[in-house]
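# The sequence and its predicted three-dimensional model are supplied below.
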Amino acid sequence: YVIIDAPGHKQFLKNMITGASSADAAILLVDGVEGVREQTKRHAYVLSLLGIRQVIVTINKLDMVGYDQKVFRQVENDIRAFLHSVDIIPSYVIPISARDGENMAARLGGTPWYTGPTVLEGLDTFQNVRGDSDLPLRLPVQDVYKWDGKRIYAGRIETGSAQRGDEVIFLPSGKITRIKSIEKWQEPDLAKAKAGECVGITTEDELFVERGEVISHRAKAPAKTRELRASIFWLADQPFKNGKTYTLKLATAEVQATVLAIEERLDSSSLEVTERYADELMSTEVGNVLLSLKSDIAADLFSENIRLGRFVIEDETIIGGGGIIRSFADISGSASQRINLSDQFTEGEEGNLIDLTRERGNIEFDVTVGFLESLASGNRILFRLRDPGQIEPVALLAYEHNLNFSFSRKQDQVNLILYKEKVARVIDHPEHGGL
């Protein structure tokens, strides 16, 4: 392991963030005698902002209270409650004594009532999360090189994977092409690359794009946005001011961002709202803000993709704070995914099915001739939805193509069935004057 010791004092919060920003996991140390303090809560909130989800909580100095189980349980309940409020579920909460070595690398008998892992055993269960290949492709363009008559778009794949022949879109420019080749140093002809790898790609079309563009698959692209709502943690000595323009950096993109509103000012240790529509945030304060960007960027909601859902804010040349995207405030930031209905169409025991339960964010459909022909021939197609928020795009699909649908719910599962109503044929009859 590479272990980074991040100081706990408020004055060294920037050092803590610098260390934690490159970490896969964190050990949050809590004083078992003093309990959960303000700085513990502040550090937990920063871990949440940075997207660190592999967390061990160690409750230290239990030797000073005779390894009292009741003391441990009280502190455990307090820290679990706060972590839950910032969307962190600790993998383990471990009673320890750093002085005696209890439950660090071995069990020494001081806590016979504890049956969980030691700190070292807990660390062994963690995974390298630098590369998440299960999420949609996100490849921020770091630079563009002209080499051997080729235009190479270089960057690190943050999430997902790419392979030769994939149709991709560059955002925010919206340019669409296919991957012609994937290259690495001394590996000029790769068939595929995955999250965490630094690669260069060439495309079938020579596109003129710049640093800051994001390469993704067209069907699961990030949002193109110019206005967003975010939670920020401010660190600079100078206050974060409403109406001021800062530099926002997200992945390789860099754009001017004007603060339209500080909608909520929060106490970083309790996350309680202390003021609405505030004029400023002071150092170490948290706020929910509305930002207007000078130009479009490609981004994700933090809840959907951590890598493209967080950013840093610069005040002139000084890093002033960091933030996470909660929602997009403009129309272009709808984060829509385009879903090809023929690609999603399956025939199973339940009949014709389109499963949307794994799709996140807003969705739009690419309607194919085969899909419409299947409905015209009398087939019914069941849409299995992830949540009620997906009802609207399916209902819109039905409206635009003159289809009927029925709704059903079974516990938390939501279904829509689409079908085409057969129109009764009207026959002209001479005896009835054509009626």
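Received the coordinates, thanks.
# contacting residues for Ser406?
Taking CB atoms under 8 Å, 6 or more residues apart in numbering, we find Ser406 in contact with Leu416, Ile417, Tyr419. Any C-beta I mention is one placed from the backbone N, CA and C, and that applies to glycine too.
# whoops, I mixed them up, Arg384
Contacts of Arg384 by CB under 8 Å, 6+ apart are Leu353, Ile354, Asp355, Leu356, Thr357, Gln413, Val414, Asn415.
# Just the pLDDT at Ala106, thanks.
Reported pLDDT at Ala106 in the predicted model: 93.
# care to break the chain down by domain?
Using automatic domain parsing, the domain parsing of the chain gives 10-124, 139-218, 223-333, 337-419.
# Single out the most deeply packed of those domains.
domain 223-333 (a mean of 19; mean count of other CB atoms under 10 Å).
# could you pull out the helices for the chain?
13-20, 38-50, 69-85, 119-124, 341-344, 369-376, 391-400 (DSSP state H).
# what residues does the shortest one touch?
If I follow you right, that is helix 341-344. By CB under 8 Å, 6+ apart, helix 341-344 touches Ala219, Ile354, Asp355, Leu356, Phe365, Asp366, Val367, Thr368, Gly370, Phe371.
# My read is that the fourth one contacts Phe383, right?
So that's Leu356. Yes. With contact defined as CB atoms under 8 Å, Leu356 reaches Phe383; the gap is 6.3 Å.
# Now list whatever residues contact both of these two.
Contacts common to Leu356 and Phe383, judged by CB under 8 Å, 6+ apart, are Gln390.
# on that earlier part again, just send the domains of the chain back as JSON lines, with distance to Ile3 too.
Below are these laid out as JSON lines (distance: least, CB to CB, whole Å):
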{"stretch": "domain 10-124", "distance to Ile3": "8"}
{"stretch": "domain 139-218", "distance to Ile3": "21"}
{"stretch": "domain 223-333", "distance to Ile3": "22"}
{"stretch": "domain 337-419", "distance to Ile3": "34"}
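# Ranked by average pLDDT, which of the ones you listed falls at the bottom?
domain 337-419 (a mean of 81).
# Nearest residue to the middle of the chain?
Nearest residue to the geometric centre of the chain (CA atoms, centre = their mean): Asn305, 2.1 Å.
# Isn't it up against Ala221?
No. Using CB under 8 Å, Asn305 makes no contact with Ala221, being 11.3 Å away.
# Pull up the overlap in contacts between the two.
Common neighbours of Asn305 and Ala221 (CB under 8 Å, 6+ apart) are Pro136.
# sorry, back to before: mind putting the helices of the chain into CSV with distance to Phe233?
Supplementary listing: those in CSV, determined by distance: least, CB to CB, whole Å:
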stretch, distance to Phe233
helix 13-20, 8
helix 38-50, 5
helix 69-85, 15
helix 119-124, 26
helix 341-344, 39
helix 369-376, 46
helix 391-400, 34
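# Compare the ones you listed and give me the one nearest Gly196.
helix 38-50 (17.3 Å; CB to CB).
# Can you check what angle separates that closest one from helix 69-85?
Between helix 38-50 and helix 69-85, the angle comes out at 40 degrees (axes from the mean of the first three to the mean of the last three CA atoms, to 10 degrees).
# Would you mind putting the CA coordinates of helix 38-50 into PDB?
C-alpha atoms of helix 38-50 as PDB (Å, rounded to 0.1, in the frame of the first residue of the first chain):
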ATOM      1  CA  GLU A  38     -16.100  19.100  14.000                       C
ATOM      2  CA  GLN A  39     -12.900  18.300  12.100                       C
ATOM      3  CA  THR A  40     -14.000  14.600  11.800                       C
ATOM      4  CA  LYS A  41     -17.300  15.700  10.200                       C
ATOM      5  CA  ARG A  42     -15.500  18.200   7.900                       C
ATOM      6  CA  HIS A  43     -13.100  15.500   6.700                       C
ATOM      7  CA  ALA A  44     -16.000  13.100   6.100                       C
ATOM      8  CA  TYR A  45     -17.700  15.700   3.900                       C
ATOM      9  CA  VAL A  46     -14.500  16.200   1.900                       C
ATOM     10  CA  LEU A  47     -14.300  12.400   1.400                       C
ATOM     11  CA  SER A  48     -17.900  12.600   0.000                       C
ATOM     12  CA  LEU A  49     -17.000  15.500  -2.300                       C
ATOM     13  CA  LEU A  50     -14.000  13.600  -3.600                       C
END
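# ok, now which ones touch Thr258?
Thr258 neighbours (CB under 8 Å, 6+ apart): Gly243, Lys244, Thr245, Tyr246, Leu291, Ser292, Lys294.
# which one of these is nearest Asn402?
Ser292 (40.2 Å).
# and the closest one, bridged to which residues?
Glu227, Thr258 (DSSP bridges).
# Alright, that wraps it up for me.
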